[in-house]
Structure formats: structure tokens, C-alpha cells
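>>> the following block contains a protein sequence and its predicted model.
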Amino acid sequence: MRRLFINADDFGLTEGVTSGIAEAMAAGVVGGTTAMVCVPGAVERIIRHGRRFAGRVGLHLQLTGGTPCLPGTDVPSLVGSDGRFPRKKVAVADVNPDEVAREWRAQLARFRETGFEPSHLDSHHHIHKRPEVFGVFLELARELGIPARALSDDMRLAMDNAGVAHANVCVTRFFGEDLTIVRFLSLVDAAFAALGGQGTVEIMCHPGRNDDALAAISTYAAGREDELRVFCVPELPELLAGRGVTLLDAAALAQVVT
């Protein structure tokens with residue numbers, strides 16, 4: 001069976017991004033989104049736009065691009081002199097795993113201020129792929145009993161051993177340029193072909209509406225609107241069904257891969 005979970009990262013980032021993700025989810029193909037809580041106004045945006053998607057909103061853990069939930073003096077290895085996370089993951093260095101664990105639990109607590117429980121787990125800029133923090137990420141996913149994003153064979157094996165659900169492969173290449181329905185479908189086809197024609201595929205995406213707040217903090221702005229147009233193409237569900245693809249949400253992802 002071909003199963004596809006499409007997740008929109010960065011829910012809560014700005015008003016334009018959050019409303020655009022909600023539009024993509026309402027169109028019916030995007031099965032889930034992961035929310036970041038370390039940016040101003042995130043909780044309010046998550047509540048306002050996420051109500052109709054309860055059970056499909058996960059947590060997008062951060063060590064980059066925002067201000068920690070804990071005071072910077074409590075997590076000095078995670079912040080710069082300005083008390084903020086580094087903007088880019090290349091600047092994340094020599095972090096203390098204990099500080100990461102405390103900060104990520106604080107992010108979980110802030111997420112719960114929305115009244116939601118996270119349906120799945122991943123991280124901003126794939127920071128959980130870093131060996132020094134992956135153990136913290138894995139333990140949190142195991143404790144919560146929710147699916148998580150695996151980005152390598154080693155991560156998938158560790159998640160299997162911990163009983164954490166995940167897709168067989170996560171595609172991260174629908175990003176940047178050539179954001180068309182033809183390219184999207186080609187990535188879907190290639191992912192299932194690499195699995196021998198069957199399995200569970202996750203595709204990471206970043207649909208959204210470009211706004212001034214986004215332009216001030218991200219170099220990836222106009223491309224989000226291109227992605228949104230693809231996921232709102234009315235024929236897309238039929239094109240996927242014609243390939244024998246079943247669309248999943250996070251709850252279904254947990255059921256089919258555990």
C-alpha cells in the first residue's frame with residue numbers, strides 16, 4: 001500500500017504563513033502541520049487558525065530562529081549574547097543536552113497553552129538530526145507516544161528500537177525552486193519507487209502567504225506561495241489517488257507504521 005503524509009512546517013511563524021498553511025490543509029491534501037512557539041504571537045495564531053485542525057497539529061521544536069521559552073540565563077549554551085537562538089543551524093554549537101531537554105519541555109508546555117496536544121514531532125531546520133540533541137528528541141517522542149520525523153537510516157533504527165512511529169522515508173526536497181505540481185508528483189513517484197513501490201512516505205513542505213513579518217525573518221518567502229498554489233490545485237487529490245496513494249494524517253501515520 002502507498003501511504004503519504006504531507007506535513008507543513010512552521011505553523012505559527014507569522015500570520016501569513018499560518019493562514020496559508022490552514023488554507024493548504026483545508027484544501028485536503030496536507031495532512032498535518034507542526035507549530036513553532038518561540039516567535040511572538042505564535043500561541044494566539046495557533047489557537048485561531050488551528051481549531052478546525054485539532055489532532056493534526058504537532059510541535060516544531062526550535063533551537064534556531066527565535067527566543068527560547070526559558071530565560072536565556074537558564075540555557076546559556078543555546079543562545080547568543082542577545083539571548084536569542086542562532087538564526088542558522090550552522091551556528092548551533094556545543095549545546096548542553098540537559099539545557100535542550102529543559103527548553104524543549106518548556107516549548108511543549110507553551111504549545112499546550114493552546115489547549116492542543118501535539119499529534120507528531122519534528123524540528124526547525126532539522127536540528128534534531130544533530131547527534132548531541134537527537135537523544136532528547138527521541139525520548140520526548142517516546143514519552144508522548146507520537147510519530148516523529150526520521151531523516152536517516154540511523155534515526156529510523158533508533159526510533160524503531162524506542163517504539164516511535166515514523167514514515168519509511170521523509171522527502172525534504174520540495175523546497176526552493178521549481179515548485180510545480182509536476183515536480184511534486186515526480187518526488188512522490190521517486191519516493192515510492194525507492195521503497196519498491198509500497199510503504200509510507202512523509203513529504204515536508206512550507207506553504208504560506210508572504211507577509212512583511214516573514215520577509216523580516218526568513219529568506220524563504222515567495223516560494224511559500226508557490227507551494228500553496230500546488231497544494232490547492234483541485235485535481236491534486238485525484239492525481240494522487242490515481243497513483244494508488246492513500247493520504248494520511250498524523251493519527252493514521254502512527255497506526256500504519258507501528
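Great, that's in hand.
>>> I'd assumed Ala216 was in a strand, is it?
No - assigned with DSSP: H, G, I helix; E, B strand; the rest coil, Ala216 falls outside any strand and is helix.
>>> which per-residue confidence value corresponds to it?
If you check Ala216, the pLDDT there is 89.
>>> how about the helices of the protein, start to end?
Along the chain, the stretches classed as helices by DSSP state H are 15-27, 42-50, 97-112, 131-144, 153-162, 181-194, 212-217, 222-231, 236-241, 250-257.
>>> state the mean pLDDT of stretch 30-45.
pLDDT averaged over stretch 30-45 gives 98.
>>> distance between the ends of it?
19 Å (Cα to Cα, to the nearest Å).
>>> centre of the chain versus it, how much separation?
10 Å (Cα atoms, centre = their mean, to the nearest Å).
>>> buried residues in that stretch?
30-39, 42-43, 45 (16 or more other Cβ atoms under 10 Å). Yep, even glycine has a C-beta here, placed from its N, CA and C like the rest.
>>> ok, so of these, who is nearest Phe116?
Using Cβ to Cβ, Ala35 comes nearest to Phe116 of these, at 8.4 Å.
>>> which residues does that closest one contact?
11-12, 42, 46, 50, 57-60, 111, 114 (Cβ atoms under 8 Å, 6 or more residues apart in numbering).
>>> name the nearest of the residues you listed relative to Val169.
Of the contacts of Ala35, the one sitting nearest to Val169 (Cβ to Cβ) turns out to be Gly58, at 18.3 Å.
>>> shouldn't that closest one be in contact with Ser123?
No - contact between Gly58 and Ser123 fails when scored by Cβ atoms under 8 Å: they sit 10.6 Å apart.
>>> give me the beta-bridge partners of Gly32?
Asn7 (DSSP bridges).
>>> so what pLDDT did Asp10 get?
pLDDT, Asp10: 98.
>>> next: Thr258.
Reported pLDDT at Thr258 in the predicted model: 47.
>>> and Glu235, by the same measure?
The per-residue confidence score, pLDDT, reads 97 for Glu235.
>>> state the distance from it to Met25.
18 Å (Cβ to Cβ, to the nearest Å).
>>> when those two are compared, which one has more neighbours?
Neighbour count, other Cβ atoms under 10 Å: between Glu235 and Met25, Met25 has more, with 25 against 9.
>>> surely the more buried one is in contact with Thr34?
No - counting by Cβ under 8 Å, Met25 stays clear of Thr34, with 12.0 Å between them.
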